[in-house]
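Enquirer: Predicted coordinates and the sequence they were generated for:
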Amino acid sequence: MNFQNFNDFEQATLVDLFDYAKESTNSVTFFDSGIEDQSVTYGELYNISSKIAAYFQSRNIGAGETIAYFGGTNLATIYLIQAALMAGAIPVLLPLPLRVSYVEEFVTELKRRLVQINPKITIVDDEVDGYISKSDFITPFITSNELIKISKEKNLKYFKPNIDPDSTVLLQFTSGTTGEPKGVPFNTSQIVSHIKSLIEATKANPATDTILSWVPLYHNMGFVGMTLMPLVLGCKLAITRPQHFILEPLCWAKNIERFKATVSVGPDFAYGHLARALENRAKEDSSTFDLSTLRIALTGTNKVDPDIMKHFISVAKLHGFNEDAICCAYGVTECTLAVTFPELGVGLDIDRVDRSVMQAKYIAEPPSSVTDELWIEEFVVLGRPLNGIKVRICHEVTGEILGERHVGEIQISGTSVATEYFHNEVLTSRRYVEGWLKTGDLGYIFDSKLVVICKISDKITLRSQWFAPEELENLVALHPAVRPGNVVALQVPDSNSEPKVVIIAETKQFENFGLVTEDIEIMLRKAFGIDNVTISFIPAGTLPKTTSGKFQRNLTRGLYLTGKLPRLY
């Protein structure tokens with residue numbers, strides 16, 4: 001297939017695109033601390049993946065069959081992803097636990113997910129073999145190294161399968177912030193259409209771009225944005241394990257400089273971690289990194305914290321970073337990856353609104369000249385819908401379509417939006433309305449650009465006021481006793497039937513909790529008029545989070561109400 005005409009791209013299958021990319025002279029490189037870089041050209045990647053795909057075909061694992069993979073990020077993972085797709089099968093990357101304090105809950109969820117997807121074979125990376133019992137896997141089990149070795153030895157002939165554009169080729173799971181992760185199936189047409197839209201939005205170019213990623217491959221940003229898109233284009237790609245960044249945040253800056261990366265991505269809190277690491281380093285070392293090559297520093301999920309991104313920009317500019325490279329997007333699993341994307345070169349786009357008007361009228365009205373500064377709230381603007389995607393705002397209860405700057409539920413539809421949840425008709429009928437997906441996110445639109453406020457289920461309502469939990473969390477995080485990025489605000493029922501606010505914060509401090517509690521209560525009272533609040537402190541590293549680092553608010557609420565959180569105070 002000739003892709004000189006970009007419109008031909010959308011008529012292709014992923015198998016066609018891999019076949020095209022193998023001609024690229026660029027490489028995929030895995031890097032990590034303490035080891036030498038491991039690189040393969042796209043031609044080598046295709047040859048190795050085709051041998052593994054041929055092995056799958058010899059086992060009658062093809063169209064409609066799921067292949068589960070439990071492991072970390074390395075070249076073997078890339079081989080297996082491409083091989084599964086080349087065989088026409090459905091790769092499902094299982095998440096790794098983010099925090100060891102909740103391994104039991106993680107294993108329970110893993111078993112539930114395996115039953116749901118019913119894989120034809122489960123592949124376990126050698127690095128995590130033995131992490132959980134082999135009896136937890138309900139299907140035939142093989143390690144990735146064994147699979148690659150057997151595939152090379154057998155040297156079976158790969159044949160290109162006929163791919164039905166409407167057949168499922170990818171199964172992703174929601175993050176699980178509001179409950180159990182839900183499976184979302186995508187067909188070839190949806191995936192290829194979305195990748196095309198991403199290429200158009202990012203202006204990705206295999207001749208000039210180097211993409212660098214540490215985000216988990218089991219997350220849709222890592223899988224679709226940082227793996228599939230560069231793999232079908234043949235871009236230079238440098239990847240590492242998420243643990244590399246978690247343990248050594250400066251590795252992100254070091255390797256942007258080393259690989260001269262032009263595109264990289266991370267959640268907003270990761271930019272905060274990097275900013276703090278750069279500041280701490282500067283206290284002892286005045287040398288700088290070269291971040292000037294980045295043309296896209298992408299962050300995208302639901303709500304993006306403006307203060308975190310401002311802080312990162314102020315620190316990164318000392319290292320040559322161009323603040324116009326910041327790209328803040330909105331994405332949901334049900335839309336493959338991204339829903340909206342900003343215009344390149346705009347940088348951090350902020351919308352300021354009068355919170356008193358928004359509270360009273362559900363309208364995001366810009367502040368007037370007499371608006372008290374305390375009532376002005378800033379939101380990050382997340383760009384306009386990608387090609388093929390439509391976005392609208394609807395009333396939370398009635399479903400009425402709302403106008404510009406009216407606050408309501410974000411609904412989406414389009415060519416790359418999934419049409420159902422995997423084996424879940426009840427949820428499908430509840431979340432889809434006449435072809436539109438109800439995202440469960442609260443937001444508004446102005447000038448065709450989207451702003452996200454919070455998840456509707458997380459909204460805190462007290463008497464006549466309502467708050468996004470992040471408003472409270474960001475304020476509490478300013479206290480020096482609280483670990484930044486590790487505080488959750490929840491609404492729970494109180495004994496007198498009136499709801500109250502619970503603040504759960506991680507801390508490394510083990511004394512003076514009474515004084516710290518009083519400080520935080522005063523902060524919340526002054527800023528928001530909240531007086532019915534309970535402050536609870538827990539040890540560092542114990543706040544429940546999803547495998548992509550988001551707060552698991554429902555789980556946290558349940559643990560709090562049942563007394564199962566490891567409370568210090």
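Expert: All right, it came through fine.

Enquirer: tell me which strands and helices the worst-scoring helix or strand of the chain on mean pLDDT is in contact with?
Expert: Scoring the helices and strands of the chain by mean pLDDT, DSSP states H and E places helix 103-117 at the bottom, with a mean of 79. Helices and strands touching helix 103-117, by 3 or more Cβ pairs under 8 Å, 6 or more residues apart in numbering; DSSP states H and E, are strand 66-70, strand 90-94, strand 183-187. The C-beta positions use only the backbone N, C-alpha and C, and glycine is treated the same way.

Enquirer: So which elements touch the very next helix or strand once past it?
Expert: Next along the chain after helix 103-117, taking DSSP states H and E as the criterion, comes strand 121-124. Here strand 121-124 touches strand 66-70, strand 141-143, helix 144-154, going by 3+ Cβ pairs under 8 Å, 6+ apart.

Enquirer: Sheet partners, orientation included, of strand 121-124?
Expert: strand 66-70 (parallel), strand 141-143 (parallel) (DSSP bridges).

Enquirer: and that strand, what's its mean pLDDT?
Expert: The pLDDT scores in strand 121-124 average 90.

Enquirer: Which parts of the stretch 151-300 of the chain are strands?
Expert: Assigned by DSSP state E, counting those that start in this stretch, the strands in the stretch 151-300 of the chain fall at 168-173, 183-187, 210-213, 236-239, 263-265, 296-301.

Enquirer: With mean neighbour count as new columns, can those be given to me in CSV?
Expert: Below are these laid out as CSV (neighbours: other Cβ atoms under 10 Å):
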stretch, mean neighbour count
strand 168-173, 22
strand 183-187, 21
strand 210-213, 24
strand 236-239, 26
strand 263-265, 25
strand 296-301, 23
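
Enquirer: closest to Glu378 out of those strands?
Expert: Relative to Glu378, the nearest member of these by Cβ to Cβ is strand 296-301, separated by 15.7 Å.

Enquirer: Which element is encountered next along the chain beyond the closest one?
Expert: Note on strand 296-301: by DSSP H and E, the next helix or strand toward the C-terminus is helix 306-316.

Enquirer: Pull out the buried positions in that next one.
Expert: For helix 306-316, burial by neighbour count (16 or more other Cβ atoms under 10 Å) applies to Pro306, Ile308, Met309, Lys310, His311, Phe312, Ile313, Val315, Ala316.

Enquirer: and the gap between the closest residue in space to Thr41 that isn't next to it in sequence and Gln38?
Expert: In space, and not counting its chain neighbours, Thr41 is closest to Ser27: 5.2 Å by Cβ to Cβ, 6 or more residues apart in numbering. According to Cβ to Cβ, to the nearest Å, Ser27 stands 10 Å off from Gln38.

Enquirer: Pick out whichever of the two has more residues nearby.
Expert: Ser27 (18 against 13; other Cβ atoms under 10 Å).

Enquirer: circling back to that earlier point, may I see the helices and strands packed on helix 103-117 arranged in CSV, with distance to Ala338 and mean pLDDT as well?
Expert: As requested, the helices and strands packed on helix 103-117 are exported to CSV (distance: least, Cβ to Cβ, whole Å; pLDDT from 0 to 100):
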stretch, distance to Ala338, mean pLDDT
strand 66-70, 24, 93
strand 90-94, 19, 93
strand 183-187, 14, 95
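
Enquirer: Please identify which of these is closest to Ile148.
Expert: strand 66-70 (12.7 Å).

Enquirer: Might you list the low-confidence residue ranges for this protein?
Expert: Across the chain, the ranges flagged by pLDDT under 70 are 1-8, 97-103, 128-139, 176-179, 495-497, 510, 547-548.

Enquirer: Appreciated, that's everything.
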